[in-house]
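Chemist: no FASTA, just this:
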Ligand code: BES
Ligand code: MN
Ligand code: ZN
């Protein structure tokens, strides 16, 4: 992965293969006169001729400087209102271009830069240069491009700027881990693999870990989770990671992640078209693991528990059937209407399990419903809670992370939609308000603590190539989780 450092060199003199320069809309060369001179006025001319206007996401690649930076890449930030967000986006685009060019290393320059902005640029450069190439054969030697391995941020090297860099690296590592896990195919990223990854994090950072398999879940009477897992011979896993950075008696923030390593729909099988995207049905779990990787590096003074419900949803002779009734750990009976509404069944028992940690707050994240994608598209995560202050806290955290969320209702009026003829509740309310009824179902099991639910079905991955992010996982909800936790420390 990309390693980022700080260097106080002059941008006009820095010996780099590529100097990335972020500029706002209608830029002036006032702050970069030395660089302009070093490029023999190329920057001024590009701006004067309107080859570069500094619009958001605009890039202009200049070559041919003999001394100092051998290439210059101008990146536009547009009209900047939130400078941290604008820098993160420009750095992501810059990192992506540098990675594509195959220059191996690059330098970043954006005039005066605060420690917070250094953090944002670091996160952006790491995100932009992220790639999942583990399963591809290397290109023939002659065509091979150097991955972006080193970047320097041109800034004054102080304790504060190094702190910004370190937290940016921690967040970047966390998000990159989440994206790698998400991108890994279902035959490699199995429940066992998620256990290995969690154990590795626990060992490296001295965290606690508990893993329940099918047998242990039977003892725990987790009939809801087990109903999903009964269709697969793979051992399902409930993983609990414990990070203890706060006072021993301080109640923890508990994060819960849906970890469906593949969701075929089960007996209520999904159409073949696009089913491959259901390897991404563990993005909630990936976000929890990414967050713990970041926590291990940042070491904030707070207690955090991460719970992952990992299995696959498969049709088989042993699979659950529509019409079946199962009993969750909290004693509630569930009529299974649609076996494809499996995420809520897994989360139901994970949410009951969360209670034993005496949580300060529980937040679950799940690629839960196609209905949420219809409601909010790929722009905002659906945020549900009965606690308005908690919603505001999560929206603010998402905003800081560049992962916007938006509230959807969680009103008792919707409860009728999941009433069952034979059981306490049914697992599908049909098409109307599909994202809300899923959240209402979860609410039945999130008892005895403050709770919020994030539906990340539209935001955790993209089915198309975007400007800053290639087709595939976005890293959501890792940033939101990390910012939420940091917000609780300060
Ligand atoms: N994992 C899916 C939700 C999903 C859909 C995520 C599209 C990402 C993109 C979930 O398990 C599911 O299948 N939900 C059903 C629920 C329905 C049967 C009540 C859905 O949304 O169709
Ligand atoms: Mn499903
Ligand atoms: Zn699913």
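Modeler: Here it is on my side, so go on. Keep in mind that this is a model prediction, so the values were computed, not measured. Ligands and ions are numbered 1, 2, ... in the order given.
Chemist: for this protein, what lies in contact range of ligand 3?
Modeler: Contact residues of the chain with respect to ligand 3, defined by Cβ under 5 Å from the ion, are listed as 260, 263, 281, 343. Yep, even glycine has a C-beta here, placed from its N, CA and C like the rest.
Chemist: list the contacts of residue 483.
Modeler: 397-398, 400-401 (Cβ atoms under 8 Å, 6 or more residues apart in numbering).
Chemist: now the strands for the stretch 301-450 of the chain?
Modeler: Shown for the stretch 301-450 of the chain, the strands assigned by DSSP state E, counting those that start in this stretch span residues 303-313, 325-327, 333-335, 361-366, 381-385, 405-407, 425-426.
Chemist: near ligand 1 at all, the fifth one?
Modeler: No - under the criterion of Cβ under 6 Å from any ligand atom, ligand 1 is not reached by strand 381-385; the shortest gap measures 11.5 Å.
Chemist: next, the angle from that strand to strand 361-366.
Modeler: Relative orientation of strand 381-385 and strand 361-366, computed by axes from the mean of the first three to the mean of the last three Cα atoms, to 10 degrees: 140 degrees.
Chemist: for strand 381-385, the distance to its chain's centre please.
Modeler: 15 Å (Cα atoms, centre = their mean, to the nearest Å).
Chemist: what are the pairing partners of it, and which direction each?
Modeler: As defined by DSSP bridges, the strand partners of strand 381-385 come to strand 405-407 (parallel), strand 451-455 (antiparallel).
Chemist: is it true that residue 463 touches residue 278?
Modeler: No - Residue 463 lies out of contact with residue 278 (Cβ atoms under 8 Å); the separation is 11.7 Å.
Chemist: looking at these two, which is more packed in?
Modeler: Relative neighbour count places residue 278 above the other of residue 463 and residue 278, with 20 against 10, counting by other Cβ atoms under 10 Å.
Chemist: next up, phi/psi of the more buried one, please.
Modeler: Torsion angles at residue 278 (phi, psi; degrees, to the nearest 10) stand at phi -80, psi 0.
Chemist: find the nearest non-adjacent residue to it, please.
Modeler: In space, residue 278 comes closest to residue 263 once its chain neighbours are excluded; the distance is 4.3 Å by Cβ to Cβ, 6 or more residues apart in numbering.
Chemist: any idea how far that neighbour lies from ligand 1?
Modeler: Noted for residue 263: a distance of 5 Å to ligand 1, by Cβ to the nearest ligand atom, to the nearest Å.
Chemist: pretty sure residue 330 sits against residue 446.
Modeler: No - counting by Cβ under 8 Å, residue 330 sits too far from residue 446 to count as a contact (9.7 Å).
Chemist: in terms of neighbours, single out the busier of the two.
Modeler: More neighbours surround residue 446 than the other of residue 330 and residue 446, with 26 against 20 (other Cβ under 10 Å).
Chemist: could you find the closest non-adjacent residue to the more buried one?
Modeler: Distance criterion Cβ to Cβ, 6+ apart; nearest residue to residue 446, sequence neighbours excluded, is residue 351 at 4.7 Å.
Chemist: if we can go back for a sec, mean neighbour count, the strands paired with strand 381-385: which tops it?
Modeler: Using mean count of other Cβ atoms under 10 Å, the stretch among the strands paired with strand 381-385 with the largest mean neighbour count is strand 451-455, at a mean of 29.
Chemist: parallel or antiparallel, list what pairs with the following helix or strand past that strand.
Modeler: Using DSSP states H and E, the helix or strand that follows strand 451-455 towards the C-terminus is strand 461-462. In the sheet containing strand 461-462, its partner strands are strand 472-473 (antiparallel), by DSSP bridges.
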